[in-house]
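S.K.: Sequence plus the predicted model coming up.
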Amino acid sequence: MGHLLATIVYQALGGLLAGPAFLVMALNGRFGSRWADRLGFPVAGGQKPLWFHAASVGEAQSALTIIEAMIDNGIYSRFVLSVGTPAGLDRASGLVASWPQIQIMAPPVDFWGAPGRALDRVGPLALVIVETELWPELIRQAQRRAIPVLMTAGRMSQKSFERYRRAQSLFQPLLAGLALIATAGRSDQRRFLDLGAAEDQTLVVGNPKFDNLVKLAKSPLPMTERPLGRKVLVAGSTEGDEDQLIVAAWKNLDPRPHLILAPRHLGRLPLITNFLKGQNLTYRLFSEREGFDWPLEPEVLVIDSMGQLAKSYAVADLAIVGGSFWAGQGHNPLEPAAYGVPVIFGPHMDSFSEESADLIAAGAAKTVLPPELSEVLTAWLAQNDPVLVGSRGRELLANREPLGPRLAALVGRAIKAPSNPPM
């Protein structure tokens, strides 16, 4: 199927299915209240800003790292940041409150002419996609308007690659027309090239979302209140049945450490608390932390609000990174490593394959199969597993250089280059 035909099919079928899908997501709180933005009528824009587009909280943090470096180094000073999720929008709005150079908006839906309208109203000098928000019509309309499209911290898991490859006739010309694809890792670069990205515009740089962790690893560890005589096990970003797996393994430990559960999606909280009740386990929600007293706390603590996981890693003796034991793609193992905490995770870490491999090579992390979890936790608790030395992960991060300034310079050079011709 040629690119033109693939585009027509995408717009026709997508436009028909998008309405019901977006309505369901709106009813579930996935879209928030910025419908004017999403339909292509944003207030943000003017004076040729750089438009950075991010999916959610983590990607928005990456974008802000690059934007801050561009401002600090005098490369550019006017920005629009679009963030796809309500949580990401709220978080980004709070982060940029002291930066008048940055305007926040929700991105347009990719149908019904919304991308073209949004581009005309924002009037960006360039569109910078953070990680892998490949919305075909948004990219196509930008390229038609001779607006350079760049990608920073580009990531592509094997699962995503297989999905994009099935629609390669749609994506190949779009990727080939990108002015810059700065990927997070070598495997990401290879997959983008296999999909048709231009080799001379594609290079490996890394992910700036880790810059804050690099800074943390270079700084003295924060002073935190810890339970006397008792270890703390933090299970972060758990998904599916991982909480049950972890609780079952934890119940076999003697003595039991405090267990902190942090589900990836807060909508799973009722399932988790009902499971804990069914196991006759007492628990406490982190939102009830006023008057928090470690010695008197129940054995299980459940994080029920955004932004608390990092604070929990600060008191951890061992971290389990979820989304990795069954069929997920894993979550960020560098977050606990920045605090000097040893890390274990399951075999499915495709989204962070290079980061997890680096930690394993340093002796700061270990891959554990689900049936082995209880045995590994028992061995670690009994002798503070000498294979896992959390300080090595912290040292690994501390030896890295921040990537924000380098990416800021690359973006700066790219936006001064001649624009791509209209398609």
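M.R.: Happy to help now that I have it.

S.K.: Got the phi and psi for the residue at minimal distance from the centre of the chain?
M.R.: For the chain, G58 is the residue whose C-alpha lies nearest the centre (C-alpha atoms, centre = their mean; 3.9 Å). Main-chain dihedrals, G58, degrees, to the nearest 10: phi -60, psi -40.

S.K.: do the same with A235
M.R.: phi -110, psi 110.

S.K.: start at 42 instead
M.R.: Okay, using 42 as the starting number, the last item reads as A276.

S.K.: and it, what does it touch?
M.R.: For A276, the contact set (C-beta atoms under 8 Å, 6 or more residues apart in numbering) comprises E283, D284, I287, L300, I301, L302, A303, A360, I361, G363. To be clear about C-beta, it is placed using only N, CA and C from the backbone, and glycine gets the same treatment.

S.K.: Nearest to L175 among these?
M.R.: Of all the contacts of A276, L175 sits closest to G363, with 26.1 Å by C-beta to C-beta.

S.K.: Just to check, that closest one is in contact with S278?
M.R.: Yes: between G363 and S278 a contact is recorded at 4.5 Å, counting by C-beta atoms under 8 Å.

S.K.: neighbour count winner among those two?
M.R.: Here G363 and S278 are compared on neighbour count by other C-beta atoms under 10 Å; more neighbours surround G363, at 26 against 21.

S.K.: Enumerate every residue touching that one.
M.R.: With C-beta under 8 Å, 6+ apart, G363 has these contacts: A276, G277, S278, T279, E280, E283, R305, G369, H372, F386.

S.K.: count of neighbours near the nearest residue to A225 once chain neighbours are set aside?
M.R.: Nearest non-adjacent residue to A225, counting by C-beta to C-beta, 6 or more residues apart in numbering: N248, 4.2 Å away. N248 has 28 neighbouring residues, counting by other C-beta under 10 Å.

S.K.: do the same with F120
M.R.: Residues lying near F120 (other C-beta under 10 Å) number 25.

S.K.: Could you pull up the residues touching it?
M.R.: F120 makes contact with P90, L91, W92, F93, I108, M111, Q142, I143, Q144, according to C-beta under 8 Å, 6+ apart.

S.K.: change it to 7 Å
M.R.: The contact partners of F120, taken as C-beta atoms under 7 Å, 6 or more residues apart in numbering, are P90, L91, F93, I108, Q142, I143.

S.K.: shared neighbours of G363 and S278, anything?
M.R.: The contact lists of G363 and S278 share R305, H372, where a contact means C-beta under 7 Å, 6+ apart.

S.K.: Next one: D241 relative to R454, how far apart?
M.R.: Distance of D241 to R454, computed by C-beta to C-beta, to the nearest Å: 14 Å.

S.K.: the more surrounded of those two?
M.R.: More crowded of D241 and R454, by other C-beta under 10 Å: R454, with 12 against 6.
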